[in-house]
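> fold the following for me, if possible:
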Amino acid sequence: MTPLTYGYFGEHRSGSTWIVDVLHSICRHVHIGMPIYGEEFGPERGHDVLVVDVNADVSRLEVIRTFRAFHVIRDPRDGVVSTYSSHKYSLPDGQWLAEQRALLDQESLKDAVNHSIDFRSEQFPRLAEWNYVDSRVYETKFENLIEDPPAGFRVVLSFLDLFLCRITPPMLDEVLDYYTFQRLSGGRRRGQEVVFSHYRRGSPGDWRSYFGPRGTSYFKERHRNPIDFPGLRDRPQQVAWMWCVILHWDTIA
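Numbering: from 1, shown residues only. Below is the predicted model:
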């Protein structure tokens, strides 16, 4: 039997730790290998694999033709807030982070948010260049997965042709029960914030509490012209998607 290749594409600060932990448990149950960060996304393997790439690079879609995958996107404004909070409070110390943390400590919240918007700017070309109409890849939002994890993962795993045939509902429920926000956060419910925790708040739309008018204006100004991204000039669907991100995230299904 020909080995099968599955994939998860995402972005840092977009639930990737939680999603990877869930996938690890699932893959152990059904004996699927799980290389991380695209390191083995290419040559044919002797066994089924689910490849993880949390710096979703559209070029990887062309490395291997036969696969099924899912791609998770998050409101980039919430990603900015997650970056700010993790850099200032929750990530373990390191040389580059110490410099970031010292800078954030000296700045007002408004300046720190704008600084974090600049820091996340490398994400936008990847989001803009991604192929959102590839039939091999199921597109979903982080917000949808956390709203109803069992329903969200059932859809994802069904698209991968793994649900029911290899992953049973009780198996999935057992894994997701282990990785609830309440358990991972030490007993908190979603919406209860602890800035020093990796699982800080667990609710979408947090950017509204941090950005304010100045941050919102700066975000739109900094990313107001998605048509300038390479590869987008002849792709109107991606342009429309980027404008939804910048102006009204909730219009994206």
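
> show me what contacts the closest residue to C27 other than its chain neighbours?
Distances taken as C-beta to C-beta, 6 or more residues apart in numbering place M34 nearest to C27, at 4.6 Å, with adjacent residues excluded. C-beta here means a position set from N, CA and C on the backbone, and glycine is covered the same way. With contacts defined as C-beta atoms under 8 Å, 6 or more residues apart in numbering, the neighbours of M34 are 23-24, 27, 49-52.

> now do the strands in the chain.
Ranges of strands within the chain are 5-9, 49-53, 68-73, 137-141, based on DSSP state E.

> pretty sure D21 is touching Y179, no?
Yes. Using C-beta atoms under 8 Å, D21 is in contact with Y179, at 5.7 Å.

> before we move on, back to that, now the strands of the chain as JSON lines including distance to R208, mean neighbour count and mean pLDDT?
Listed next are these as JSON lines, based on distance: least, C-beta to C-beta, whole Å; neighbours: other C-beta atoms under 10 Å; pLDDT from 0 to 100:
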{"stretch": "strand 5-9", "distance to R208": "27", "mean neighbour count": "23", "mean pLDDT": "90"}
{"stretch": "strand 49-53", "distance to R208": "30", "mean neighbour count": "23", "mean pLDDT": "87"}
{"stretch": "strand 68-73", "distance to R208": "19", "mean neighbour count": "22", "mean pLDDT": "92"}
{"stretch": "strand 137-141", "distance to R208": "17", "mean neighbour count": "19", "mean pLDDT": "90"}
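
> could you dump those to CSV with distance to L103?
Output for the strands of the chain, formatted as CSV (distance: least, C-beta to C-beta, whole Å):
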stretch, distance to L103
strand 5-9, 31
strand 49-53, 29
strand 68-73, 28
strand 137-141, 31
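
> which one of the ones you listed lies closest to G186?
Smallest distance to G186 across the strands of the chain (C-beta to C-beta): 24.5 Å, for strand 68-73.

> check what contacts the closest one and list those residues.
The set of residues that contact strand 68-73 without belonging to it, under C-beta under 8 Å, 6+ apart, is 5-11, 14-16, 19, 51, 56, 127, 130, 136-142, 145, 156, 159-161.

> partner strands of that strand and their direction?
Strand 68-73 has the following sheet partners, assigned by DSSP bridges: strand 5-9 (parallel), strand 137-141 (parallel).

> S121: which of those strands is closest?
Taking C-beta to C-beta as the criterion, strand 5-9 is the member of those that comes nearest to S121, at 19.6 Å.

> low-scoring stretches of the stretch 151-253 of the chain, by residue?
Counting by pLDDT under 70, the stretch 151-253 of the chain contains low-confidence residues at 223-253.

> where do the helices sit along the stretch 1-150 of the chain?
16-30, 76-85, 95-106, 109-119, 123-129, 142-147, 149-159 (DSSP state H, counting those that start in this stretch).

> quick one on the thing from earlier: and which of the contacts of M34 is nearest to R183?
Scanning the contacts of M34 for proximity to R183, where the rule is C-beta to C-beta, the winner is H24, at 15.9 Å.

> how many neighbours does the closest one have?
Other residues lying near H24 total 16 when counted by other C-beta atoms under 10 Å.

> also G205?
Applying other C-beta under 10 Å, we find 13 residues neighbouring G205.

> so it sits right up against D78, yeah?
Yes. With contact defined as C-beta under 8 Å, G205 reaches D78; the gap is 7.0 Å.

> would you mind splitting the chain into its domains for me?
As assigned by automatic domain parsing, the chain contains the domains 5-75+126-184, 77-122+190-251.

> quick one: mean pLDDT for stretch 93-103?
The average pLDDT for stretch 93-103 rounds to 83.

> that stretch: which residues count as buried?
Buried residues in stretch 93-103, counting neighbours by 16 or more other C-beta atoms under 10 Å, are found at 100-101.

> residues in contact with that stretch?
Taking contacts as C-beta under 8 Å, 6+ apart, the residues outside stretch 93-103 that touch it are 87-88, 91, 115, 119.
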